[in-house]
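Participant: Below are the sequence and a predicted model for it; my questions follow.
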Amino acid sequence: MKYKLDHKAIARLRTSGAVFNALADLADDAVTDLSEHGRVEGYSYSLQLARENRAAVTIVGKGHARNSNKVHGSLMKALDDIAEDVKKGKGRK
């Protein structure tokens, strides 16, 4: 069976509200994990349209959060945990 990709539909999907909402939810989960449910301040995220009309999320750590990330790799660990949950079909926490 041969499949034909609908490139226009893929382009629309990249900027759809559902994709933005899913990215915002995942970024919020990451920030919640990183801040240990509000105990550690300094993590935030922003959602935007990146180049080529793709939805993108930027997660930033300031102050204590930034130093913690440098020492422990906190951001990568949180993103890895979320990616594993998504792969296993668990979705959001």
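Facilitator: The structure has been received and is ready for your questions. Numbers count the residues shown, from 1 in each chain.
Participant: where's whichever helix or strand D80 is part of relative to the chain centroid, distance-wise?
Facilitator: Element membership of D80 [criterion: DSSP states H and E] is helix 74-87. Chain-centre distance of helix 74-87: 9 Å, with C-alpha atoms, centre = their mean, to the nearest Å.
Participant: which helices and strands sit right next to that helix?
Facilitator: Where contact means 3 or more C-beta pairs under 8 Å, 6 or more residues apart in numbering; DSSP states H and E, helix 74-87 is packed against helix 17-34, strand 54-61, helix 64-72. Placement of C-beta: from N, CA and C, glycine included.
Participant: Check the average confidence over that helix, would you?
Facilitator: Average pLDDT, helix 74-87: 80.
Participant: on that earlier part again, need the helices and strands packed on helix 74-87 in TSV (columns: distance to M1 and mean neighbour count).
Facilitator: Below are the helices and strands packed on helix 74-87 laid out as TSV (distance: least, C-beta to C-beta, whole Å; neighbours: other C-beta atoms under 10 Å):
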stretch	distance to M1	mean neighbour count
helix 17-34	27	16
strand 54-61	29	16
helix 64-72	46	14
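Participant: coming back round to it: which positions in the helix holding D80 come out as buried?
Facilitator: Judged by neighbour count (16 or more other C-beta atoms under 10 Å), helix 74-87 contains these buried residues: S74, L75, A78, L79, I82.
Participant: re earlier: go through the helices and strands packed on helix 74-87 and find the least confident stretch.
Facilitator: Mean pLDDT is lowest for helix 64-72 out of the helices and strands packed on helix 74-87, coming in at a mean of 76.
Participant: Give me the residues contacting that helix.
Facilitator: Residues outside helix 64-72 that contact it (C-beta atoms under 8 Å, 6 or more residues apart in numbering): L34, S35, V40, E41, G42, Y43, G61, S74, L75.
Participant: With adjacent residues omitted, what lies nearest to the second one?
Facilitator: Of all residues not flanking S35 in the chain, Y43 sits nearest, at 5.0 Å (C-beta to C-beta, 6 or more residues apart in numbering).
Participant: Likewise for the first one?
Facilitator: Leaving aside its chain neighbours, L34 sits nearest to Y43 (4.6 Å; criterion: C-beta to C-beta, 6+ apart).
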